[in-house]
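# sequence? don't have it. structure:
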């Protein structure tokens with residue numbers, strides 16, 4: 001058995017014909033894939049293909065979406081310019097012209113609604129600041145004190161004076177304690193009585209609105225504290241409000257000066273998206289880097305930071321400021337949208353790509369349209385080493401803008417056409433299947449039993465074996481294994497997608513990223529040189545400069561590591577920097593490996609017979625509701641032949657599926673336990689991943705299968721179409737022959753003396769053409 005096939009659990013066969021040898025994917029042009037839409041039509045990039053998306057006839061241009069073409073839409077990680085007057089005041093929130101004005105939080109407005117506090121307008125503020133540069137800081141201090149008074153007044157209205165005084169005492173005690181502990185000369189052993197941080201209970205509050213007011217008031221008046229709620233132990237209605245030390249405050253306190261820390265916490269809490277905040281920072285670059293990372297760690301989901309240098313012209317007077325702003329809600333500065341209706345606009349198109357990974361294609365399209373890669377949706381990921389055609393959707397871009405960009409944009413290996421409006425995004429699995437046109441080159445008989453025969457006899461014998469193989473795969477189907485491309489490059493055994501997925505599920509994010517950035521042995525191209533450099537030096541910044549730009553995934557990881565550091569948190573942020581669908585793909589790859597191994601075990605244990613405890617999904621059940629339609633086979637079902645072997649499914653591991661109630665189910669549990677996993681391992685909040693699991697048919701069958709045997713002279717020797725009905729019984733067997741060969745060499749397979757095989761067939765969604773061809777070749 002070929003070692004790579006065994007590694008990925010691909011071991012068994014269904015039929016017992018001899019098969020033949022050959023090379024697939026010698027060139028990407030030898031593997032052509034067309035998606036089959038939900039109406040059963042083959043997706044093609046020409047005028048003959050009619051778009052039949054649901055509701056498309058009723059879709060009109062509902063939304064006018066105009067963009068300021070003079071400004072590039074930047075990504076969430078983009079740099080930003082220093083706001084005007086950003087360095088005039090050290091502890092002041094500034095109105096920024098780069099952002100639209102947003103409302104303050106509801107609870108903040110509610111608490112201040114009855115106050116006599118007056119706010120100056122932006123124009124008045126700028127005029128006052130220009131007249132007296134110290135006035136802004138004074139006014140900010142006065143405003144803060146006024147707000148605190150208003151909050152305290154409201155606290156006394158909703159709580160008793162006694163409770164408010166106790167909150168004051170608790171706040172002072174916690175502040176003094178943490179100030180003492182934060183001093184370098186003091187350690188825990190020197191703290192009196194071994195005191196630890198404590199909590200204070202405000203009591204049970206039944207009203208949700210009142211709880212919100214209390215939360216906002218305490219966080220504003222005492223920024224070094226935070227609040228939480230819990231169910232009361234005595235079972236009373238409402239929730240108990242608990243006050244405790246805000247650990248984030250004290251982590252920031254190491255870097256932010258005392259005069260600024262409270263105002264910074266107010267800035268974070270009020271979430272005024274039109275504001276920016278300037279922080280005084282030390283001249284030590286390493287300390288500034290740590291401050292950037294601390295803010296990114298706790299507030300990176302909605303805040304971003306950048307260091308600016310200010311100077312009056314001399315090097316001696318150079319100083320640094322860190323400017324903090326809220327991340328852009330709509331994808332970048334300079335983007336102006338005029339939406340006439342509440343619904344988001346969606347535009348569909350047909351994508352044809354050649355020899356490109358899906359992530360690279362999406363990143364190129366996103367850069368061209370100046371949108372996020374997450375704005376694209378599609379039914380499924382297609383092969384890299386192939387020519388593939390499929391339906392795509394992009395959110396927030398009009399068909400006029402798509403036409404405008406792609407009529408003048410020429411991206412190598414990418415073609416876009418048939419642009420049309422859609423009512424919503426394309427969902428994963430929203431297709432009937434795929435149509436394949438495959439060339440198998442240098443077809444030969446298996447060596448066993450082949451004597452000295454001439455070319456004509458070889459062609460006849462090959463035709464006989466191909467015919468038998470085609471009939472068998474139509475009659476007996478094939479094992480619905482996940483193909484090797486599901487797991488990544490065969491040459492990169494250590495860093496294959498399944499290993500990465502397993503490390504992610506185990507919480508070993510550092511190891512997962514190291515696998516992603518590990519070099520492939522024996523390769524010395526620019527990509528692997530960069531990876532080797534990182535492996536030896538752990539220098540993310542220099543490695544990033546060495547890494548070719550087209551390696552989108554690696555560049556995203558390195559940028560995140562450079563920004564967030566090489567600790568566990570930095571590696572977590574690195575994984576979060578790549579698209580959610582890719583993080584999910586690695587975990588799914590591991591689940592696919594488990595499925596492959598269990599499929600092999602199922603065949604070895606029970607063959608093609610349904611057994612008690614098996615799981616089945618009856619024919620005709622909608623794929624979208626399969627989890628609710630899974631049934632367990634009983635002895636009565638077997639006796640009455642209620643189900644066929646075509647209904648048999650095996651589960652893909654997850655947190656919301658069940659396993660077979662027989663020996664196969666026990667093998668699943670043993671396999672997961674050996675890998676250090678349980679059912680709870682498939683929910684990863686830190687990476688925003690929830691893997692519920694799924695069910696997959698054990699067997700698959702091609703339709704519309706035709707084949708043609710020919711030589712490069714162009715003369716067709718044999719052309720036969722098979723149309724065999726699928727019976728209810730199968731022949732099942734295993735073989736010790738090596739797997740089919742998937743070529744990466746430059747050997748010439750186009751010689752006129754070599755026999756080639758052209759295959760054409762359709763497969764249902766998620767079935768792999770390489771596994772169908774493998775069953776036919778039986779190598």
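Looks like it arrived, so ask away. Since the structure is predicted, the reported quantities are computational estimates derived from the model, not experimental observations.
# going forward, measure contacts between C-alpha atoms and count neighbours the same way
Will do.
# how far out from the middle of the chain is stretch 677-687?
In terms of Cα atoms, centre = their mean, to the nearest Å, the centre of stretch 677-687 is found 15 Å from the chain centre.
# Point to the residue nearest the middle of this structure.
residue 580 (1.3 Å; Cα atoms, centre = their mean).
# That one: what's it in contact with?
688, 689 (Cα atoms under 8 Å, 6 or more residues apart in numbering).
# so what pLDDT did it get?
Residue 580 is assigned 88 on the pLDDT scale.
# Near the nearest residue to residue 602 once chain neighbours are set aside, how many other residues are there?
Closest residue in space to residue 602, ignoring its immediate chain neighbours: residue 664 at 6.3 Å, by Cα to Cα, 6 or more residues apart in numbering. Applying other Cα atoms under 10 Å, we find 20 residues neighbouring residue 664.
# quick one: residue 664 and residue 603 touch, right?
No. Applying Cα atoms under 8 Å, one finds residue 664 not in contact with residue 603, separated by 10.0 Å.
# one step back: in the one helix or strand the residue nearest to residue 602 maps to, what counts as buried?
Assigned by DSSP states H and E, residue 664 belongs to helix 663-674. Neighbour counts over helix 663-674 (16 or more other Cα atoms under 10 Å) mark 664, 665, 667, 668, 672 as buried.
# before we move on, what about stretch 277-287?
Going by neighbour count (16+ other Cα under 10 Å), the buried part of stretch 277-287 is 277, 278, 279, 280, 281, 282.
# Same question for stretch 597-607.
Within stretch 597-607, the residues that qualify as buried by neighbour count (16+ other Cα under 10 Å) are 597, 598, 599, 600, 601, 602, 603, 607.
# separation between the second one and residue 502?
With the distance defined as Cα to Cα, to the nearest Å, residue 598 ends up 17 Å from residue 502.
# again with the fifth one
As defined by Cα to Cα, residue 601 lies at a distance of 21 Å from residue 502.
# and what of the fourth one?
Computed with Cα to Cα, the distance linking residue 600 and residue 502 is 20 Å.
# is it true that residue 223 touches residue 262?
Yes. Here residue 223 reaches residue 262: they are 6.0 Å apart, a contact under Cα under 8 Å.
# overlap in contacts of the two?
With Cα under 8 Å, 6+ apart, residue 223 and residue 262 have no common neighbours.
# Please, where are all the strands along the stretch 351-500 of the chain?
376-378, 387-395, 414-422, 433-445, 478-479 (DSSP state E, counting those that start in this stretch).
# of all those, which lies closest to residue 8?
Among the strands of the stretch 351-500 of the chain, the nearest to residue 8 by Cα to Cα is strand 478-479 (13.8 Å).
# Quick one: mean pLDDT for that closest one?
Averaged across strand 478-479, the pLDDT comes to 96.
# Repeat that for stretch 694-707.
In this model, stretch 694-707 carries a mean pLDDT of 95.
# Now tell me what touches it from outside.
Outside stretch 694-707, the residues touching it (Cα under 8 Å, 6+ apart) are 470, 473-474, 477-481, 599, 626-627, 646-654, 657, 719-723, 757-764, 767, 772.
# residues touching residue 667, list them.
residue 598.
# if we can go back for a sec, out of the strands of the stretch 351-500 of the chain, which one sits most buried?
strand 478-479 (a mean of 28; mean count of other Cα atoms under 10 Å).
# if we can go back for a sec, how about the buried residues of stretch 597-607 in TSV, adding pLDDT?
Shown next, in TSV, are these (pLDDT from 0 to 100):
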residue	pLDDT
597	96
598	97
599	96
600	96
601	96
602	96
603	94
607	91
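# which ones among those residues are found in helices?
If you go by DSSP state H, those have 597, 598, 599, 600, 601, 602, 603 in helices.
# Quick check: the residue nearest to the first one when sequence neighbours are not counted vs residue 773, distance?
Put plainly, it is residue 597. Of all residues not flanking residue 597 in the chain, residue 9 sits nearest, at 4.5 Å (Cα to Cα, 6+ apart). According to Cα to Cα, residue 9 and residue 773 sit 17 Å apart.
# neighbour count winner among the two?
Legend: neighbour count by other Cα under 10 Å for residue 9 and residue 773, higher for residue 9 (23 against 19).
# how close does that one get to residue 400?
Using Cα to Cα, residue 9 is found at 48 Å from residue 400.
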